[in-house]
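Peer 1: coords please:
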Amino acid sequence: MCVSRVRAVWLALLALVLVAGVVPQAYAADGEYPNKPIKIIVPFPPGSGTDTSARRVAQIITDETGQPVVIDNKPGASGFIAAQAAATSPPDGYTLFVTTNTTHAANASLFKKLPYDPIKDFAPIGRIARAGLVLVVASESPVKTLADLTKLAKEQPGKLTFASGSSSTRIASEMYATMAGLQMLHIPYKGVPQAITDVMARQVDFMISDVTPALPLIRAGKLRPIAVTLEKRHVDLPDVPTMAESGLDGYSISAWTAAFAPAGTPRPIIDKLAVILRKGVESPAMKESFAATGGEAAPMTPDELGKFVVSETEKWAKAVKDAGIEPE
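Peer 2: Numbering: from 1, shown residues only. From the prediction side, this is the model:
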């Protein structure tokens, strides 16, 4: 056999070896995924709206794949701890990140430097839901309306306090203060549930909270809802006016949750998760579940979510600038 033919045979054998090595791996990434438990990192504590969404996602994945899903709550530092942990996890589809506009829109403008890149460090899977927020005070508070709160704040400039458990809840209150011409003191918490606890105890004067953790306490008479932040009234709080109806014309803000994976996660895995997530989110049972806690299903494809994060980052940058917040 001539040298050229021998060389050709060896090249053909080498190609077969390479194909044999690569194809099963590619197939394993798609066809066999998932074959072990999945972890979902959450940037807020148990009981928060994001945690509730993450647990719904976990149930969706388990129901569809049979694999257990573990929730790993890593609250604090405006989502930095969780976002960094998710971004540096192996990109194999077994660590996911369910988060909000706090880590993936607002933080980029609230801080001079982030320990993660919300766009480059993550692969979008899909949006889950969106919801408005609600301004609440303790049930024993003398504040009955937004006008009452505004009047009180103007009588005591710089003394009234507001709590926040996320960047979204902070900016919502900062926007109110800016639009109403108020000076108030910001009290940050690791998460919304802790903040609500101090509002109920009147350690803090008010907060603009996610609806999910606030709604049961409103129904139990432990919190008094003053106004909601969307342009229309909330279906579960029909007697509570919007901020605009309460005299703050043009005020509107909402929060959203979405699922991401570490950048570099194979596209077949992303696509498989996206199909599973959308199917679950759009199911009648899940829509009813979101509605029961003050939200609405709002699915997006991976590509739609990627574009949405960019546009939301620009939107929140404007909100932060308009509120006069200096990056930390």
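
Peer 1: what about the stretch 201-328 of the chain, any weak spots by pLDDT?
Peer 2: 293-294 (pLDDT under 70).

Peer 1: which parts of it are helices?
Peer 2: Along the stretch 201-328 of the chain, counting by DSSP state H, counting those that start in this stretch, helices occupy 211-219, 267-281, 284-292, 302-322.

Peer 1: pick the most deeply packed of the ones you listed.
Peer 2: When those are scored by mean count of other CB atoms under 10 Å, the highest mean neighbour count falls to helix 211-219 (a mean of 21). Every C-beta, even on glycine, is put in place using the N, C-alpha and C of the backbone.

Peer 1: and it with helix 284-292, angle?
Peer 2: Relative orientation of helix 211-219 versus helix 284-292 (axes from the mean of the first three to the mean of the last three CA atoms, to 10 degrees): 60 degrees.

Peer 1: show me what helix 211-219 is in contact with.
Peer 2: 47-49, 52, 131-134, 136, 192-193, 196, 200, 223-225, 228, 234, 236-237, 293-295 (CB atoms under 8 Å, 6 or more residues apart in numbering).

Peer 1: now do stretch 238-256
Peer 2: 49, 100-101, 127-135, 145-147, 150, 168, 171-172, 175-176, 179-180, 210, 225-234, 298, 312, 319.

Peer 1: if we can go back for a sec, for L114, find the nearest of the helices of the stretch 201-328 of the chain.
Peer 2: helix 302-322 (11.4 Å; CB to CB).

Peer 1: now for that closest one, which elements pack on it?
Peer 2: helix 107-110, strand 122-138, helix 167-180, strand 254-262, helix 267-281 (3 or more CB pairs under 8 Å, 6 or more residues apart in numbering; DSSP states H and E).

Peer 1: still on that earlier bit, which among the contacts of stretch 238-256 count as buried?
Peer 2: Listed as buried from those are 49, 100-101, 127-135, 146, 150, 168, 171-172, 175-176, 179-180, 210, 225-230, 233-234, 298, 312, 319; burial here means 16 or more other CB atoms under 10 Å.
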